[in-house]
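1. Quick one, structure for this:
(2 chains)
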Amino acid sequence: NAGVTQTPKFQVLKTGQSMTLQCAQDMNHEYMSWYRQDPGMGLRLIHYSVGAGITDQGEVPNGYNVSRSTTEDFPLRLLSAAPSQTSVYFCASSYFRLTGELFFGEGSRLTVL
Amino acid sequence: AQTVTQSQPEMSVQEAETVTLSCTYDTSESDYYLFWYKQPPSRQMILVIRQEAYKQQNATENRFSVNFQKAAKSFSLKISDSQLGDAAMYFCASMDSNYQLIWGAGTKLIIKP
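-> Residues are numbered from 1 along each chain as shown, chains lettered A, B, ... in the order given. A predicted model of the protein is given here:
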């Protein structure tokens, strides 16, 4: 059982480049989300989805785009990378978002030069 | 805005001893969930324990237990018989009115052999 799979694990970008962080889960979870983790801070929610075709913004959505065409996949797109987007990104999913019990991927470390 | 505060950036404990990690939160909700998550050096976040605010009994999971004081908005995590594998970052989180998690900045737990 793979759980939540994120790719790539590491990425270096130049300012202005675009890229997509992939996230897939095989647990048939309706709820999926993207967080960023910065030193000395808790996780901050970027975008989330409560089912295929439904997405919504979190606390820090600017500069990021998401889509949810299937239950399994929830990619995060950086439209024009900026150094402020240097961070570790986590994808997480849950069967019922009301319980808040999230299953996390291993994270993707992104550096923007 | 809802906040979660972990006042101890770092804690250390001797192996086999007991340690308590502090967490306070601020919410206007009457019913909510509280969580402790563990992030080991491998980075993947995993749920340690969960508390439902309407339940007065403190949650317990093996060596992990919480001291939930609703009036004081305090939610501390006690780890008994500390083991080397407990070394990690520990994050406290509360669920807001939009059913999203608000995270504390984390406490780094060091286990001394």
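
2. Checking the residue nearest the centre of chain B next. Helix, strand or coil?
-> Centroid-nearest residue in chain B, with Cα atoms, centre = their mean: B:Trp36, separated by 3.5 Å. With DSSP: H, G, I helix; E, B strand; the rest coil as the basis, B:Trp36 sits in strand.

3. give me every residue that touches it.
-> B:21, B:23, B:47-50, B:64, B:66, B:75, B:77, B:90-93 (Cβ atoms under 8 Å, 6 or more residues apart in numbering or on different chains). The way it works is simple: take the backbone N, C-alpha and C, and place the C-beta from them, glycine included.

4. if we take the residues you listed, which one ends up nearest to A:Ser94?
-> Within the contacts of B:Trp36, the smallest distance to A:Ser94 is 10.2 Å, found for B:Leu47 (Cβ to Cβ).

5. Could you give the bridge partners of that closest one?
-> With DSSP bridges as the criterion, B:Leu47 is bridged to B:Tyr37.

6. Could you find the closest non-adjacent residue to the residue of chain B found nearest chain A?
-> Per Cβ to the nearest Cβ, the residue of chain B with the smallest distance to chain A is B:Trp103, at 2.9 Å. Distances taken as Cβ to Cβ, 6 or more residues apart in numbering or on different chains place A:Gly42 nearest to B:Trp103, at 2.9 Å, with adjacent residues excluded.

7. What's the local residue count around the one you found?
-> 20 (other Cβ atoms under 10 Å in any protein chain shown).

8. quick one: what helix or strand has it in it?
-> A:Gly42 belongs to no helix or strand when elements are defined using DSSP states H and E.

9. What residues does it make contact with?
-> B:4, B:91, B:93, B:102-106.

10. And the residue of chain B closest to chain A, how close does it get to B:Ile110?
-> Going from B:Trp103 to B:Ile110 by Cβ to Cβ, to the nearest Å gives 21 Å.

11. Could you check which of these two is surrounded by more residues?
-> Neighbours were counted for B:Trp103 and for B:Ile110 using other Cβ under 10 Å; B:Trp103 has more, 23 against 13.

12. Report how many residues lie close to B:Arg63.
-> Quick note: B:Arg63 (other Cβ under 10 Å) scores 13 neighbours.

13. Contact partners for it?
-> B:79-81, B:83.

14. So which of those wins on neighbours?
-> Counting by other Cβ under 10 Å, top hit in the contacts of B:Arg63: B:Ile79 with 24 neighbours.

15. Let me know the pLDDT of the nearest residue to that residue once chain neighbours are set aside.
-> Spatially, and ignoring its direct neighbours in sequence, B:Ile79 is nearest to B:Val19 (5.3 Å; Cβ to Cβ, 6+ apart). Per-residue confidence (pLDDT) for B:Val19: 98.

16. Cool, thanks, signing off.
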